[in-house]
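[1] using only what follows, build the 3D model:
(2 chains)
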Amino acid sequence: MTEAAATPDEIDDLARRAQDGDRDALELLLAAIRPRTLNVCRGVLPFTPDAEDACQDALIKVAEKIGTWNRRGRFTTWLHVVAVNTARSTYRRMKNQAVAADPTESQAMQRPDPRTTSVIAGTRLDLLEAMEALERDHPQFVEPLLLRDVYGLPYEEIAQIVDAPLGTIKAQIHHGRRLVRPMLAESQ
Amino acid sequence: MRLPRRLGALLLTTALGCGLLTACNDDSSGDAAQPAGSPTPARDVSLPDETKAPPDPDDPALDPALSRPVEDSLYPDVGDPSVDALRYDLDLAWSPDSRTLDGDAIIELRSTESGDHLQLDLGEPLEVSSVTLDGAEVEFQHVGKDLVVEAPVTKDERYVLDVAYSGTPQPTPAPTNRTDFSTTGWTITPDGETWTMQEPYGAFTWYPVNDQPSDKAYYDFTLTVPSPWIGIANGVMTAQKEYGGLTTTAWHLSKPASSYVVTVAMGDYTRTTNTTQSGLEISYWVPSDRPELASGLQAAAAGLDWLKNLLGPYPFDSLGFLLNDSRSGMETQTMISLGATDYTTSTAVLVHEMAHQWYGDEVTPQDWRDVWMNEGMAMYLQGCWEAAADGRTVDAVMDHYAELERKARAAAGPPAAYDPQQFGQGNIYYGPALMWHELRKKIGDDAFWKLVRAWPARAPETNATYDEYLDWLVNRTHVHRSFFDSWLLDPTTPPRS
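    Residues are numbered from 1 along each chain as shown, chains lettered A, B, ... in the order given. Predicted structure coming up:
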């Protein structure tokens, strides 16, 4: 049988100790949250090596920014936000790299083009593009919408994370959905 | 494919009202409800002929399943050493709407004593309708979870016991306060799907069994569920057929297994596969509405290749993974059962459960006090894998283990002398994992990995006792026995180098 995974309470406890400067607790925390972080990244980047890159980046971000967790909600909820944002950055970076490469050069054949080999194979490409578009005009809608519709968090928890009134969150999600819906593929 | 015996019962029950094979004293048997929308399998009760040879318990092919059954030192109420089961042939039909399991268990066994009875475990909620021994009806008592078959038996004679039963199985409380499970055995989801996890015991919640690890046996399963659901079990699926809206699958496990590494799940599943470098196809049985879960599991193939480099050839002829509604992961033999959580589907856990195929399934503790034999090595190999995957040193991983180990040993006891009500706590994982790392430092990498590879191959498909293992280790390594004893039996953690 597998050893029991850390419970949410145990993770919160490790995170508090890590915030207080306990290096061992931070190491244990990063090991404990790795599977969850990887799966959050997989939700955005279904191609496993991309998700693993994003997961590494996200864990580094967690270590750097753990001081900004406000201890009001679950640590794992805060982690979701960090992981989603990191996965989106990874996606952006890969897209830019792909565009920068000249497909007529033979070099391009050696480096896999993320547009065809990884991200594009994933089911969430349309969603990411829609989030990019939404971010240009309504950046404040992006996070609540992702937390609600991709990660299924309750409205109350989202309000706590983004530190906004519940009514505002509901309105942002409602408007965000209306703007994004035409950009999503049929199956979404 | 052989006729599914219980499918026959289902069909007859539906066609003729009160079942012919059951005693009609159960008011649910008259209206064995089929799931809404599934066809009524009643129009034709003529079924294919039984083609399989009748069971022959004296067949020497069963000899590898001969065991030395014992009474467990920690859980003496479960299992009974009067029986040495050789083969279980389980024919199980599941009706999700009525939550009814119709079972027919044919058990080929050796009586270990001369006397007037045989005793097996079978969950109290299951009603036994008939018991035959070598084809003749015999008396039985089913009190609590003890099924006592009253018949004169002779030491070392082999018999065929056939038990027909029916009911809604109930999981049994697990002797632990682990956070990820509190009961074991047959578990029913709100949708009527079923799964099992049953360490240290709990197989008895769904079939008559000597539910103690010292008694290994072969297994065959015939599983019938309403389509498009499917039944999945250990081993290889040898047949899949549909009869009138019901799907029947047959499964064969080709090497003997202890009851706690037996698994069955029934539900809406989709199978995908990939292949290891050495050509073993791995099956991934994932809930049909969550296909995305399959992609993360594919890392098992590379994980198995990594393990084979350390442990030698994979000991079995098939490997699969079965996702279920639990929150834990279990090394069920050749068909690993995993909860669909982030942690239990992570590659580290896949490696852990695959390592158990050598350490736990191929060679198995005789008694539950020695579950450290399984978990210590699986946790050590998991730690080595994590170190390699994350670019850390094994020493760094062991430092983490040591922090967890101290608390776990204090809370639940020494790894080989733990509190029986705290089964499966961190003490049986981290302590012996640290012991193996210390041993590796003492004898060097080459000698250590040779040792790790040699133990399961020493006596494949058997059980081992504490003394057998320690004698072997001392003999091979010339490390003093007190080194092992203190890691396994001392109330506090021995010093690390």
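[2] for residue 143, give me its contacts.
    You didn't pick a chain, so chain A it is. The contact partners of A:Glu143, by CB atoms under 8 Å, 6 or more residues apart in numbering or on different chains, come to A:81, A:84-85, A:161-162. For every residue, glycine as well, the C-beta is placed using N, CA and C.
[3] my bad, chain B
    Counting by CB under 8 Å, 6+ apart, B:Val143 touches no other residue.
[4] next one: the one 4 residues further on
    Residues touching B:Leu147, when contacts are defined by CB under 8 Å, 6+ apart, comprise B:119-122, B:128, B:131, B:140-141, B:163, B:208.
[5] measure it to B:Tyr429 for me?
    Here the criterion is CB to CB, to the nearest Å. By it, B:Leu147 lies 34 Å from B:Tyr429.
[6] and the buried ones among the contacts of B:Leu147, selectable in PyMOL?
    The buried residues among the contacts of B:Leu147 can be selected in PyMOL (16 or more other CB atoms under 10 Å in any protein chain shown) with this line:
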select buried, chain B and resi 119+120+121+122+128+131+140+163+208
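[7] quick one: which of the contacts of B:Leu147 sit in helices?
    If you go by DSSP state H, the contacts of B:Leu147 have nothing in helices.
[8] would you mind naming what in the stretch 301-450 of chain B lies close to chain A?
    Proximity of the stretch 301-450 of chain B to chain A (CB under 8 Å from any CB of the partner chain) is limited to residues B:327-331, B:341-346, B:348-349, B:352-353, B:375, B:379, B:386, B:396, B:399-400, B:403, B:424, B:426, B:429.
[9] buried ones among those?
    Here, 16+ other CB under 10 Å leaves B:327-331, B:341-346, B:348-349, B:352-353, B:375, B:379, B:386, B:400, B:424, B:426, B:429 buried among these.
[10] what about those residues, which are in strands?
    B:329-330 (DSSP state E).
[11] residues contacting A:Ala18?
    Going by CB under 8 Å, 6+ apart, the list of residues near A:Ala18 reads A:25-26, A:29, A:66.
[12] now do the contacts for B:Val394.
    B:383-384, B:387, B:437.
[13] name the nearest residue to B:Arg392, sequence neighbours excluded.
    B:Glu386 (7.4 Å; CB to CB, 6 or more residues apart in numbering or on different chains).
[14] for the one you found, give its distance to B:Asp89.
    The gap separating B:Glu386 from B:Asp89 is 41 Å, by CB to CB.
[15] in the stretch 151-300 of chain B, which residue sits nearest chain A?
    B:Asp180 (4.6 Å; CB to the nearest CB).
[16] surely that residue forms part of a helix?
    No: counting by DSSP: H, G, I helix; E, B strand; the rest coil, B:Asp180 is not part of a helix but coil.
[17] and the stretch 1-150 of chain B, which residues reach chain A?
    Near chain A, when you scan the stretch 1-150 of chain B using CB under 8 Å from any CB, you find nothing.
[18] and the next element down the chain from the lowest-mean-pLDDT helix or strand in chain A?
    None of the helices or strands of chain A scores lower by mean pLDDT, DSSP states H and E than helix A:114-117, at a mean of 38. The C-terminal neighbour of helix A:114-117 among helices and strands, as given by DSSP states H and E, is helix A:125-137.
[19] average pLDDT across the helix or strand where B:Leu92 lies?
    Using DSSP H and E, B:Leu92 sits in strand B:83-95. When pLDDT is averaged over strand B:83-95, the result is 98.
[20] tell me the contacts of B:Phe448?
    B:Phe448 touches B:436, B:439-440, counting by CB under 8 Å, 6+ apart.
[21] wait, is B:Asn274 part of a strand?
    Yes: assigned with three-state DSSP, B:Asn274 falls within a strand.
[22] was I right about it contacting B:Ser283?
    No: under the criterion of CB atoms under 8 Å, B:Asn274 is not in contact with B:Ser283, lying 9.2 Å apart.
[23] between these two, tell me which one has more neighbours.
    Comparing B:Asn274 with B:Ser283 by neighbour count (other CB atoms under 10 Å in any protein chain shown), the higher total belongs to B:Ser283, at 20 against 16.
[24] ok, that one - contacts?
    B:Ser283 neighbours (CB under 8 Å, 6+ apart): B:271-273, B:318-321.
[25] now render the residues you listed as JSON lines, adding pLDDT, neighbour count and secondary structure.
    JSON lines is the format used below for those (pLDDT from 0 to 100; neighbours: other CB atoms under 10 Å in any protein chain shown; DSSP: H, G, I helix; E, B strand; the rest coil):
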{"residue": "B:Arg271", "pLDDT": "98", "neighbour count": "15", "secondary structure": "strand"}
{"residue": "B:Thr272", "pLDDT": "97", "neighbour count": "15", "secondary structure": "strand"}
{"residue": "B:Thr273", "pLDDT": "97", "neighbour count": "12", "secondary structure": "strand"}
{"residue": "B:Ser318", "pLDDT": "98", "neighbour count": "20", "secondary structure": "coil"}
{"residue": "B:Leu319", "pLDDT": "98", "neighbour count": "20", "secondary structure": "strand"}
{"residue": "B:Gly320", "pLDDT": "98", "neighbour count": "24", "secondary structure": "strand"}
{"residue": "B:Phe321", "pLDDT": "98", "neighbour count": "24", "secondary structure": "strand"}
